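based on what follows, work out the 3D shape:
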Amino acid sequence: MTNHTIAHALKDIQTRINTACQQAGRPADDISLVAVSKFHPQSAVQQALEAGQRVFGENRVQEAAAKFPTLRKDWPDLRLHLIGTLQSNKATEACALADVIESLDRPSLSAALEKAAQKTGRLPDLFVQVNIGDEPQKSGIGTAEADRFIEDALSRFNGHVKGLMAIPPLNESPRPFFQKLAALNRRHGLPALSMGMSSDFEVAIAEGATLVRVGTAIFGERPRA
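Just a heads-up that it's a prediction; the model follows:
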């Protein structure tokens, strides 16, 4: 996408967010747009920054490390969310690099992040990723284990756990899965809820999302390898 097109796409997404909030009876500033820039070049992120976007999502620590440290020099207020499965051996680098990790999904990663925070003196905000459809191919803590895992994370990380994140099953209506995640979030008194992507973020907003993760609708299709 060209600079004009990315800027136009961001404006269009914000208009859709505003409309969804109005329909849900929520203020538009309830919602944070996470622009998912994974697999797109640093130049595309820069174009989004020039258009006013400040919050970005990346799947891989290595890719994020190649893009964002230099961009922070010119845009120190940008915020980087890691939204993909995080390998435990990348925990130290993730703690040093990210502002938010949205994919806390297993006890071994909790242990790795705890050690990494002690080593780096820095712990990003955290979201627990829930496998809300209990799909065997997907990351996330299973729904049967979620309550216990969330309670452990809240105890272990002292206020750094801000909410839950999930990706609903692809070929089903997302609404009941969003409702289930929102109920789980409320049960634990968490303030933030990351759900909804390019195809379903309006539904997510209606069901209580505070962060929506939009990539394709902003940056276009992922570049082919």
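
residue 33 reaches residue 12, doesn't it?
No: counting by CB atoms under 8 Å, residue 33 does not reach residue 12; the two are 11.5 Å apart. Any C-beta I mention is one placed from the backbone N, CA and C, and that applies to glycine too.

so those two - more neighbours on which side?
The neighbour comparison of residue 33 against residue 12 (other CB atoms under 10 Å) goes to residue 33, with 20 against 12.

ok so that one is a strand residue?
Yes: under DSSP: H, G, I helix; E, B strand; the rest coil, residue 33 falls within a strand.

packing partners of whichever strand in the chain runs longest?
Ordering each strand of the chain by length in residues (DSSP state E) puts strand 125-131 first. When contacts are defined as 3 or more CB pairs under 8 Å, 6 or more residues apart in numbering; DSSP states H and E, strand 125-131 packs onto strand 100-104, strand 141-142, helix 143-157, strand 161-165.

can you check the pLDDT for residue 221?
On pLDDT, residue 221 comes in at 85.

ok, now how distant is it from residue 215?
Distance, residue 221 to residue 215, by CB to CB, to the nearest Å: 10 Å.

repeat that for residue 59.
Residue 59 sits 10 Å away from residue 215, going by CB to CB.

so for the two, which residue has more residues nearby?
Between residue 59 and residue 215, counted using other CB under 10 Å, residue 215 has the larger neighbour count: 22 against 18.

buried residues in the helix or strand residue 110 falls within?
Per DSSP states H and E: residue 110 is located in helix 107-120. For helix 107-120, a neighbour-count test (16 or more other CB atoms under 10 Å) marks 109-110, 112-113, 116-117 as buried.

which parts of the lengthiest helix in the chain are buried?
Looking only at the chain and at elements set by DSSP state H, the helix with the highest residue count is helix 3-24. Within helix 3-24, the residues scored as buried using 16+ other CB under 10 Å are 6-7, 9-10, 13, 16-17, 20-21, 24.
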